[in-house]
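Asks: Mind folding the following:
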Amino acid sequence: MINSICDCLLQLLALAPFIWAARRSNENARKKTLILCALLFIITSVATDLSSNILQFKGQSWNWTGKIASLVIALIFIFSYRPLKPYQFGFTTTIETQNARGIFLICSGYALLRVVLYITMAKGPATYNIETILYQSTIPGITEEIIFRGILLTLLNQIFTKPRWAFANTAFGWAAIITSCLFGFTHGFYLDSAYHIQFNFFAIVRTAFDGFLFALLLHKTKSLIPSILLHNILNLIGNH
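Replies: Below is the predicted model:
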């Protein structure tokens, strides 16, 4: 647990320049919301770590129980947070597609590019594992999208309202940048078991870009379903 908390604090510290820049543009940004986001990030991360050894089955390769534990916490928050309704967190089956062609094309092209890169860079024939396919096509994308895009992105959008930029005809602000960077840091900036800092630049940039696309999908469609689908597709590429 200590290692997990230290990872979170390290990753949040790396976000400090982005949060400082966002607060300069939004002087009235509520500190309570920032603290709430930080606590939710830490709590769900620790829950993922602490629950990793619960209900394991023989030959298990992936942290099912940890992801499910953090998912349960996220869902409890969404349905108990009074200021917002669940649909405002993107927790809805209604997908707005008006003027979404641009971002859909970019996401489709990016997924195809990832497939091509995987095939051309693969060493040896592809191997398939049933547990990995089931895991990568379900729980990571669902859990991480609800936490990062559903909760954190939505809450930060409440306090960082300007400036607003646009990409692929989709408006976004500091919230999308901050959550995307945090998503990248969780995949490539952490402490190992000996408390040495590990920094994987490629992993950070790739997953931060992934997170940015996921954020744009939520902004444009107002639903988590498209970002969850893309997230799980990208997880499956090279992880099967």
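Asks: Count the residues that sit near Gln198.
Replies: 11 (other CB atoms under 10 Å). Where C-beta positions appear, they are placed from N, C-alpha and C, glycine not excepted.
Asks: In a strand, it, correct?
Replies: Yes - counting by DSSP: H, G, I helix; E, B strand; the rest coil, Gln198 is part of a strand.
Asks: I figured it hits Tyr190, correct?
Replies: Yes - judged on CB atoms under 8 Å, Gln198 makes contact with Tyr190 at a distance of 5.5 Å.
Asks: for Tyr195, helix, strand, or coil?
Replies: Here Tyr195 is coil, with the state taken from three-state DSSP.
Asks: That one and Leu13, how far apart?
Replies: 15 Å (CB to CB, to the nearest Å).
Asks: With Leu112 instead?
Replies: Leu112 is 36 Å from Leu13, by CB to CB.
Asks: can you give me the strands in the protein?
Replies: 165-167, 170-172, 189-191, 197-199 (DSSP state E).
Asks: Mind listing what's buried along the second one?
Replies: I take that to be strand 170-172. By neighbour count on 16 or more other CB atoms under 10 Å, the buried set for strand 170-172 is Thr170, Phe172.
Asks: sorry, back to before: of all the strands of the chain, which lies closest to Leu224?
Replies: Closest of the strands of the chain to Leu224 is strand 170-172, at 15.4 Å (criterion: CB to CB).
Asks: model confidence over the closest one, on average?
Replies: Strand 170-172 shows an average pLDDT of 96 in the prediction.
Asks: Against which helices or strands is it packed?
Replies: strand 165-167, helix 201-221 (3 or more CB pairs under 8 Å, 6 or more residues apart in numbering; DSSP states H and E).
Asks: will you turn these into JSON lines that also has distance to Phe183, mean neighbour count and mean pLDDT?
Replies: As requested, the helices and strands packed on strand 170-172 are exported to JSON lines (distance: least, CB to CB, whole Å; neighbours: other CB atoms under 10 Å; pLDDT from 0 to 100):
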{"stretch": "strand 165-167", "distance to Phe183": "17", "mean neighbour count": "12", "mean pLDDT": "95"}
{"stretch": "helix 201-221", "distance to Phe183": "4", "mean neighbour count": "21", "mean pLDDT": "97"}
